[in-house]
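*Asks:* Output the structure for:
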Amino acid sequence: MPLYEYMCEDCDKEFEELVFGDPAVLCPHCGSARTDKLMSRCRHKRGGASEPVGTAAAAGSGAGSSCSGCAASSCAGCR
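*Replies:* Numbering: from 1, shown residues only. I've put the predicted structure just below:
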């Protein structure tokens, strides 16, 4: 199902909406039709299916943190 992120121009609130086709999207907070579709952030997983997202193994580094300049021993504390 297509889930899109929007921002209301009247109340400046962000919200998500399931959208099929191209209907007018109303803000659930104030009811305004002045909404803008936002660029969605995307995430991907690297590694095998058994490796949880956010671990060093899933990030493909083998050991230690996968973040450049990070001194942590794993990514568990970065969430």
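
*Asks:* which residues touch H29?
*Replies:* Going by Cβ atoms under 8 Å, 6 or more residues apart in numbering, H29 touches 8, 11, 13, 15. C-beta here means a position set from N, CA and C on the backbone, and glycine is covered the same way.

*Asks:* Let's see that with 6 Å instead.
*Replies:* 11, 13 (Cβ atoms under 6 Å, 6 or more residues apart in numbering).

*Asks:* for the one 3 residues further on, same thing?
*Replies:* When the contact criterion is Cβ under 6 Å, 6+ apart, the partners of S32 are 8, 10.

*Asks:* State the distance from it to R46.
*Replies:* 40 Å (Cβ to Cβ, to the nearest Å).

*Asks:* go on, G21?
*Replies:* Going from G21 to R46 by Cβ to Cβ gives 34 Å.

*Asks:* Let me know the pLDDT of R46.
*Replies:* pLDDT for R46: 72.

*Asks:* quick one, phi/psi of K37?
*Replies:* The phi/psi pair for K37 (degrees, to the nearest 10) reads phi -70, psi 130.
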